[in-house]
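> Fold the following, please.
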Amino acid sequence: MAFELPERTGQCILGIAEDWDSSHVTLSYHEKRNGKWVPVGKSWKGRLGSKGLAWGRGIHPNPRGVEAKQEGDGRSPAGVFNLGGVWGQAGSVKKHPETFYRQVTTRDLWVEDANSKFYNQFLTLNHEPKSAWEKAAQMRQNDYPHSLKMFIAHNAFPEIKRGAGSSIFFHIWRSEGAAATAGCTTMLESKLRWLIATVDPGLRPLYVLLPRSEYENLKTDWKLP
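Predicted coordinates:
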């Protein structure tokens, strides 16, 4: 798979799971200095999908014939992904000035319906949700772990594949890390807030998530941290 991280990428969040079926991940943050990746701070723990990982749709090439992530499979997408904006319930959040932030309202939706033309996209209604479909897609939930999240651009616009997985974010972990996710990457709230404050869109930040075996195989060719 001929690929390497873009030269202008200066920030990378690296996630390493022990194997394809693990829901636990070790996360670390790296910056490129003088052309070389340098770890910044200590690594920290996070949680992944309850079923582990499957190859996702990011900026990386996928091996042929492998099992790819599907909607509702309980797996986190593996690969290399751009980072999108931030959504939260607070009026503001500490962040880089160029990072998109949206205070979520009852009219804000993230569409997980693979039959919708808005699949895996953020949508704001011009009215309060009325239908069951609209209410099911509401981002504002009475659920603290989802009160702050950053988009991981898996299967993202404009190259969205129906049914290939949606609504993948970094967000606050559940039950102090005791619970796995449906596909997102979760962590301690303080670490999430630090990450959001640190990411600089001008440095083309990326999230690399891989099982350890794939990371070791691809590290040199992909020029990973």
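
> Quick one: low-confidence residue ranges for the chain.
Scanning the chain with the threshold set as pLDDT under 70 gives 1.

> Residue 137 reaches residue 119, doesn't it?
No: between residue 137 and residue 119 no contact is recorded; they are 10.4 Å apart, counting by Cβ atoms under 8 Å. The C-beta positions use only the backbone N, C-alpha and C, and glycine is treated the same way.

> which one's the longest strand in the chain?
For the chain, the strand reaching the highest residue count under DSSP state E is reported as strand 76-88.

> Could you spell out the sheet neighbours of the following helix or strand past that one, each with its direction?
Using DSSP states H and E, the helix or strand that follows strand 76-88 towards the C-terminus is strand 101-103. Within its sheet, and counting by DSSP bridges, strand 101-103 is paired with strand 76-88 (parallel).

> tell me which residues of the strand it pairs with are tucked away?
Neighbour-count burial for strand 76-88, with 16 or more other Cβ atoms under 10 Å as criterion, is recorded at 76, 77, 78, 79, 80, 81, 82, 83, 84, 86, 87, 88.

> Could you find the closest non-adjacent residue to residue 202?
Taking Cβ to Cβ, 6 or more residues apart in numbering, and ignoring the residues beside it in sequence, residue 202 has residue 98 as its nearest neighbour in space, at 6.2 Å.

> Quick one: classify residue 192 as helix, strand or coil.
Local secondary structure at residue 192 is given as helix here, using DSSP: H, G, I helix; E, B strand; the rest coil.

> Would you mind listing the residues in contact with it?
Shown in contact with residue 192 (Cβ atoms under 8 Å, 6 or more residues apart in numbering): 148, 150, 170, 171, 172.

> please redo it, this time with the cut-off set to 6 Å
residue 172 (Cβ atoms under 6 Å, 6 or more residues apart in numbering).

> One more: residue 122?
residue 110.

> How many residues are close by residue 170?
Neighbours of residue 170 under the rule other Cβ atoms under 10 Å: 25.

> That one: helix or strand, and which one exactly?
Per DSSP H and E, residue 170 falls inside strand 169-172.

> Please state the offset of that strand from the chain centre?
7 Å (Cα atoms, centre = their mean, to the nearest Å).

> Number the chain from 28, please
In the new count, where the first residue is 28, that last one comes out as strand 196-199.

> partners of it, with directions?
Using DSSP bridges, strand 196-199 pairs in its sheet with strand 175-179 (antiparallel), strand 212-214 (parallel).

> Return the residues in contact with the most centrally placed residue in the chain.
Geometric centre of the chain, nearest residue: residue 179, 2.7 Å, by Cα atoms, centre = their mean. Remark: with contacts taken as Cβ under 6 Å, 6+ apart, residue 179 is in contact with 108, 195, 196, 234.

> Then the last one would be within a strand, right?
Yes: under three-state DSSP, residue 234 sits within a strand.

> What count of nearby residues applies to it?
26.

> on that earlier part again, looking at the contacts of residue 179, spot the one nearest residue 65.
Proximity of the contacts of residue 179 to residue 65, judged by Cβ to Cβ, is greatest for residue 234, which lies at 17.5 Å.

> wait, what's in contact with residue 236?
Contacts for residue 236 (Cβ under 6 Å, 6+ apart) come out as 42, 105.

> and with 10 Å instead?
The contact partners of residue 236, taken as Cβ atoms under 10 Å, 6 or more residues apart in numbering, are 40-44, 52, 54, 73, 75, 80, 83, 85, 103-108, 179, 181, 195, 212, 242.
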